[in-house]
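1. coords please:
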Amino acid sequence: MDAANSFSDVSSDSLSSILERWKPVGRSGLMPVLIEAQEAHGWLGPETLTRIANALNVPLSEVYGVADFYAHLYTHPVGKTIVRVCDDVPCYLAGSENIIQAVAKHLQIQPGETSADGAFTLEIVPCLGHCDHAPVLTIGNNVHDEVTAEDLRKLLEK
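-> Residues are numbered from 1 along each chain as shown. Model prediction:
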């Protein structure tokens, strides 16, 4: 997972720019800073969280608590692209189990794992809000509905 590990703590210049914008609002800027820092570098490493806490004058335990609470914030390395497959009842009944197996086979990883090259992380999620178009998955920020196992190769290679 060397590629994923290199996609970690925010570079000093990038994080400094983010913190400079949000420092004046203090604690109120915590969520936007966490989101922007993760968007810039994929996940929120210990050094990044410490710098955020110091800049916003927020206890480090609170910064970790917020980062750990929200499912879409990561305090561990993840792939550059997150593949989320809905496994809620409508998607399950429409075949999400087959979709999960097909994605896992194509990417050669299991749910919760990151590919060796750091390109993908596969997650199973409870709902993506498109129940009327099940089964649904997201690849990065793109939602794909009524997905079939045959669709996956094209979708994952884009």
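2. The residue located most distally from the centre of the chain and L60: what is the separation?
-> Ranked by distance from the centre of the chain (CA atoms, centre = their mean), the top residue is P24, with 27.4 Å. P24 is 20 Å from L60, where distance means CB to CB, to the nearest Å. Just so you know, the C-beta spots here come from the backbone N, C-alpha and C atoms, and that holds for glycine as well.
3. Likewise for V83?
-> 31 Å.
4. These two: who's more crowded?
-> The residue with more neighbours, out of V83 and L60, is V83; 27 against 13, by other CB atoms under 10 Å.
5. Report the contact partners of the more buried one.
-> Contacts for V83 (CB atoms under 8 Å, 6 or more residues apart in numbering) come out as V103, L107, F120, T121, L122, E123, L137, T138, I139, L156.
6. and which of those is nearest L93?
-> Checking the contacts of V83 against L93 by CB to CB gives L137 as the nearest, at 15.4 Å.
7. The closest one contacts H144, doesn't it?
-> Yes. L137 is in contact with H144 according to CB atoms under 8 Å; the separation is 5.5 Å.
8. and these two? which has more neighbours close in?
-> Relative neighbour count places L137 above the other of L137 and H144, with 28 against 19, counting by other CB under 10 Å.
9. can you count the residues close to the closest residue to the more buried one other than its chain neighbours?
-> With sequence-adjacent residues excluded and distances taken as CB to CB, 6 or more residues apart in numbering, L137 is closest to V85, at 4.5 Å. V85 is flanked by 26 other residues according to other CB under 10 Å.
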